[in-house]
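[1] heads up, no residue letters with this:
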Ligand code: OFO
């Protein structure tokens, strides 16, 4: 059994993970339209992972006799200024998710909900890895540059990163 407060906060997290999944899908579609196959594949993979993060919370709520709410979808941004700006946005989004996970940890700690606290550790670690991955990509883009001539090489690098992010 979990408190209504924690249940609400976990449902807010479900929404955030769901929105991340659809934002990354929109990013993948934009890259696809630009012929950036490697970037598209990477972002499709990230989108799938975010959905998995969402479902993991839905299953957890079911296990602790809570009620999961399937979130509505906010229309994500469709167009992006450049590949560099797109990955900056992805990094900012991951930082926002990390902050939200840390607030959830805080709440679980205050309520002495050690079961949820334990469950959230997986997300704390996952966010560390995802932020690290996003920074690695931004470093590569900074090195290569994102002028039209450089896009081919960025795309190759992103293809190489496919399969390198973690899933359980
Ligand atoms: Fe990368 O956001 Fe999920 O946890």
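    Perfect, I can see it now. This is a predicted model, so every value here is computed, not measured.
[2] which residues touch the helix or strand bottoming out on mean pLDDT in the chain?
    Sorting the helices and strands of the chain by mean pLDDT, DSSP states H and E puts helix 151-161 at the bottom, at a mean of 95. Under the criterion CB atoms under 8 Å, 6 or more residues apart in numbering, residues 34, 36-39, 41-42, 83, 133, 136-137, 140-141, 144, 146 lie in contact with helix 151-161. Every C-beta, even on glycine, is put in place using the N, C-alpha and C of the backbone.
[3] Now the buried members of the residues you listed.
    Listed as buried from those are 36, 38-39, 41-42, 83, 133, 137, 140-141, 144, 146; burial here means 16 or more other CB atoms under 10 Å.
[4] Least confident of the residues you listed?
    Lowest pLDDT of the buried ones among the contacts of helix 151-161: residue 146, 82.
[5] Would you mind giving the secondary structure of that one?
    coil (DSSP: H, G, I helix; E, B strand; the rest coil).
[6] Ok, residue 20 next?
    Strictly by three-state DSSP, residue 20 counts as helix.
[7] is it true that it touches residue 50?
    Yes - under the criterion of CB atoms under 8 Å, residue 20 makes contact with residue 50 at 4.2 Å.
[8] Now do the same for the residue sitting furthest away from the middle of the chain: helix, strand or coil?
    Farthest-out residue of the chain from its mean C-alpha position, per CA atoms, centre = their mean: residue 149, at 28.8 Å. At residue 149, secondary structure determined by three-state DSSP is helix.
[9] near the ligand, which residues of the chain?
    Within the chain, the positions near the ligand by CB under 6 Å from any ligand atom are 17, 20, 50, 53, 94, 97, 123, 126-127, 130.
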